[in-house]
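In: Okay, sequence plus prediction incoming.
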There are 4 protein chains.
Amino acid sequence: MNITLAQAEKIIQSAKEKSISLNTKMNIAIVDAGANPVAFARMDGAWLGSLDIAIKKAKTARLFDTDTGMIGELSQPGGPLYNIEHSNHGLITFPGGIPLKNSEGDIIGAIGISGSTVENDHAVAQAGAGAI
Amino acid sequence: MNITLAQAEKIIQSAKEKSISLNTKMNIAIVDAGANPVAFARMDGAWLGSLDIAIKKAKTARLFDTDTGMIGELSQPGGPLYNIEHSNHGLITFPGGIPLKNSEGDIIGAIGISGSTVENDHAVAQAGAGAI
Amino acid sequence: MNITLAQAEKIIQSAKEKSISLNTKMNIAIVDAGANPVAFARMDGAWLGSLDIAIKKAKTARLFDTDTGMIGELSQPGGPLYNIEHSNHGLITFPGGIPLKNSEGDIIGAIGISGSTVENDHAVAQAGAGAI
Amino acid sequence: MNITLAQAEKIIQSAKEKSISLNTKMNIAIVDAGANPVAFARMDGAWLGSLDIAIKKAKTARLFDTDTGMIGELSQPGGPLYNIEHSNHGLITFPGGIPLKNSEGDIIGAIGISGSTVENDHAVAQAGAGAI
């Protein structure tokens, strides 16, 4: 099972609405089951540098089928996955990336959000993931 | 002057409609005046490899403020810009990338299309560029 | 639909047998539907540099859902896809990469072979692809 | 002395069996004495992102002729090899990579495993290394 563009656009719309409600400007990226980008949007005035972070968060969430923040807890100095960020042409392991599941629970892709605090990034990612 | 996300989304919508009318499946990328991605969409079933090409076409069109195909004519063996594709982390210089202008004629970004023949790619890029 | 490791190993086995029958030493790479590597094997004495080429051939065949040699015909100087090789972190567009299909005709991955003449590379890729 | 493909395949088979006995899904990579990949396998359902990690673990183990976890102890903040992961196009320094030796004790390559806890990764790497 793989995400469709229509699903990705619906997710981006929900993420944008949540971002506006939080008074933030986000970069929003969606990847498919193969961790390849499907769609993204950079809201007006969002940080330029956050686009690559949003894409890497989405990629990271699908590469390991978990929220990015979970990996970040394990990759700290002294942790079991210290410096895992050097793999796969660069990972981002702080919150804001979440796997996307269909109604059967299959992972069909992932969303990555960057542009505000990690708490806001994660909240917007959740809003996006909840749209399907 | 810089493109807005709303403009980019309008352009993508027009490009999708043109793509469907040509019975093609396209990757559609929009960059801003700084040649940084603003929005993209991979239509269902479009070639996986065309997404990066679409982004590179858009980037190339803005980096040199011209249609990508014009650069491709100059980058051939013996030409004045031979192998310019090695610069800027990779250019794509065949047709499908076009600068985007506002109503005053200012370049505010660029569109890149990939997924079919270069003729179709260029036609869809033109349809997108015409939306604003 | 996505290739399984068991299918990939069966394909590698067939490719090795064909390679031996041609008195060649090959690098054999299999990617899945997302163009991500599943399995590979470098036969004893095969060129070291051919491993990356085999992986890039497999990737290229899946990224554009066609034999790599078909792209190479279009990417020549003066051709419509001149220098497409600069996209997607590097493509290889001479023969030796072939999409892999299941019995329903769905593309489930791709095989890439490198280590001899392009004719031999292609023949071994075909032998591998025919194993499923 | 260098590992053969037949040895690499035997190691992968043992690693797969150990992985199944631990109820895990692993990415398994083998490099030769030159730290160049010889063979790898991604088990069905294994994390996509672990393939690159498995390869980097194998590479790291051979580049420094030691278990990857030993390097990770030295690369922590304040440690003598702090951030050595930036070298060699990316190292992975947590457990799961082990040098491979022949019966005379010569290092002939290395194995890298990724897909579970670092304890499981290391246990599977040991099972693989013990096959020759």
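Out: Good, I have the coordinates. Residues are numbered from 1 along each chain as shown, chains lettered A, B, ... in the order given.
In: Retrieve the pLDDT associated with A:M1.
Out: A:M1 carries a pLDDT score of 83 in this model.
In: Check which helices and strands the helix or strand containing A:A125 is in contact with.
Out: Using DSSP states H and E, A:A125 maps to helix A:118-129. Under the contact criterion of 3 or more CB pairs under 8 Å, 6 or more residues apart in numbering or on different chains; DSSP states H and E, helix A:118-129 touches helix A:5-21, strand A:27-32, strand A:97-101, strand A:107-114. Just so you know, the C-beta spots here come from the backbone N, C-alpha and C atoms, and that holds for glycine as well.
In: just so I know, which of these lies nearest chain C?
Out: strand A:27-32 (7.3 Å; CB to the nearest CB).
In: looking at the helices and strands packed on helix A:118-129, which is buried most?
Out: strand A:27-32 (a mean of 30; mean count of other CB atoms under 10 Å in any protein chain shown).
In: do that strand and chain C meet?
Out: Yes: counting by CB under 8 Å from any CB of the partner chain, chain C is contacted by strand A:27-32 at A:D32.
In: so what strands line up beside that strand?
Out: Sheet pairing for strand A:27-32, assigned by DSSP bridges, gives strand A:37-42 (antiparallel), strand A:107-114 (antiparallel).
In: Neighbours of the closest residue to A:P77 other than its chain neighbours, how many?
Out: Of all residues not flanking A:P77 in the chain, D:P77 sits nearest, at 4.8 Å (CB to CB, 6 or more residues apart in numbering or on different chains). By other CB atoms under 10 Å in any protein chain shown, the residues close to D:P77 number 10.
In: How about the secondary structure of D:P77?
Out: coil (DSSP: H, G, I helix; E, B strand; the rest coil).
In: Kindly provide the distance from it to A:G96.
Out: Taking CB to CB, to the nearest Å as the measure, D:P77 and A:G96 are separated by 24 Å.
In: Settle this for me: A:G69 is touching A:E119, isn't it.
Out: No: A:G69 is beyond contact range of A:E119, at 10.0 Å (criterion: CB atoms under 8 Å).
In: Common neighbours of those two, please.
Out: Residues touching both A:G69 and A:E119 (CB atoms under 8 Å, 6 or more residues apart in numbering or on different chains) are A:P95.
In: can you list the residues of chain A near chain D?
Out: Counting by CB under 8 Å from any CB, chain A comes close to chain D at A:34-35, A:60, A:62-65, A:77-78, A:80-84, A:86-89, A:91.
In: Of the residues you listed, which belong to helices?
Out: Of these, the ones assigned to helices by DSSP state H are A:60, A:62-63.
In: picking up where we left off before, could I get the pLDDT score of the residue nearest to A:P77?
Out: On the pLDDT scale, D:P77 gets 96.
In: Pick out the residue of chain A closest to chain D.
Out: In chain A, the residue that lies nearest chain D is A:L63 (2.7 Å; CB to the nearest CB).
In: quick one: that residue and D:G49 touch, right?
Out: Yes: counting by CB under 8 Å, A:L63 does reach D:G49; the two are 2.7 Å apart.
In: returning to that earlier point: how about the strands paired with strand A:27-32, which one is nearest D:M1?
Out: strand A:107-114 (43.2 Å; CB to CB).
In: Close to chain C: what parts of chain A are there?
Out: Proximity of chain A to chain C, by CB under 8 Å from any CB, involves residues A:32-36.
In: Counting neighbours, which of those comes out on top?
Out: When neighbours are counted by other CB under 10 Å, A:D32 leads the residues of chain A next to chain C with 26 neighbours.
In: which residues pair with it across the strands?
Out: A:G109.
In: what's near enough to touch the residue nearest in space to the middle of chain A?
Out: For chain A, the residue nearest the mean C-alpha position is A:G112 (1.5 Å; CA atoms, centre = their mean). A:G112 sits next to A:28-31, A:53-61, A:68, A:92, A:96-97, A:125 when contact means CB under 8 Å, 6+ apart.
In: my guess is A:V124 meets A:S21, correct?
Out: No: using CB under 8 Å, A:V124 makes no contact with A:S21, being 9.3 Å away.
In: quick one: contacts for the residue nearest to A:L100 when sequence neighbours are not counted?
Out: Counting by CB to CB, 6+ apart, A:L100 lies nearest to A:G109, which is 4.5 Å off, once chain neighbours are set aside. By CB under 8 Å, 6+ apart, A:G109 lies in contact with A:2-3, A:8, A:30-33, A:38, A:58, A:62, A:99-100.
In: Show me which of those is closest to D:A129.
Out: For the contacts of A:G109, the residue nearest D:A129 by CB to CB is A:R62; the value is 30.6 Å.
In: which residues are contacting stretch A:1-8?
Out: Stretch A:1-8 is contacted by residues A:30, A:32-34, A:38-39, A:100, A:102, A:104, A:106, A:108-109, A:132, B:41-44 when judged by CB under 8 Å, 6+ apart.
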